[in-house]
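K.L.:
Build the 3D model from these lines:
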Amino acid sequence: MELVYTSEDIRSLALACGCKGAPFVWDEDRRALLRAELDAAFFILYGLSRGEVEYVFSTFTGTQRKDEREHGYYRSAKLTLARYDEMKAAR
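P.N.:
Take a look at the predicted model:
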């Protein structure tokens, strides 16, 4: 819900999902971490190896260029691979 419920416009959806509080504040860094956690979880659920995850990220050249321009490195890949490693180690 934190990635979706960011405005009063979708309060009915939030309520239907059991979220009774105010909309979440849009925090780009927090959103990047949440997306990385979700991506890592889905990669693990689909049984992808770390190498396969790295390959998937290598195909998103537009995202890579944007991340490198804005952050100086491929942030999406780095965050997701770090969460992937943490989740695999926890299993």
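K.L.:
could you list every residue that touches the spatially most central residue of the chain?
P.N.:
Central residue of the chain (Cα atoms, centre = their mean): residue 35, 1.0 Å from the mean position. Applying Cβ atoms under 8 Å, 6 or more residues apart in numbering, we find residue 35 in contact with 3, 76, 79-80. No exception for glycine: its C-beta is placed from N, CA and C like everyone else's.
K.L.:
Where do the helices of the chain begin and end?
P.N.:
With DSSP state H as the criterion, the chain has helices at 11-16, 28-45, 50-58, 61-71, 75-90.
K.L.:
Please tabulate these in JSON lines, including the columns mean pLDDT.
P.N.:
Shown next, in JSON lines, are these (pLDDT from 0 to 100):
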{"stretch": "helix 11-16", "mean pLDDT": "96"}
{"stretch": "helix 28-45", "mean pLDDT": "97"}
{"stretch": "helix 50-58", "mean pLDDT": "98"}
{"stretch": "helix 61-71", "mean pLDDT": "97"}
{"stretch": "helix 75-90", "mean pLDDT": "98"}
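K.L.:
so can I have TSV of those helices showing distance to residue 22?
P.N.:
TSV is the format used below for the helices of the chain (distance: least, Cβ to Cβ, whole Å):
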stretch	distance to residue 22
helix 11-16	9
helix 28-45	15
helix 50-58	34
helix 61-71	28
helix 75-90	26
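K.L.:
Distance check, the residue of the chain positioned farthest from its centre against residue 19.
P.N.:
The centre of the chain is farthest from one residue, residue 12, which by Cα atoms, centre = their mean lies 23.9 Å away. Separation of residue 12 from residue 19 (Cβ to Cβ, to the nearest Å): 11 Å.
K.L.:
Residue 68 too?
P.N.:
35 Å.
K.L.:
And these two? Which one has more around it.
P.N.:
residue 19 (16 against 12; other Cβ atoms under 10 Å).
K.L.:
Enumerate every residue touching the residue lying closest to that one once chain neighbours are set aside.
P.N.:
Spatial nearest neighbour of residue 19, excluding adjacent residues (Cβ to Cβ, 6 or more residues apart in numbering): residue 1 at 4.7 Å. Residues near residue 1 by Cβ under 8 Å, 6+ apart: 14, 17, 19, 24.
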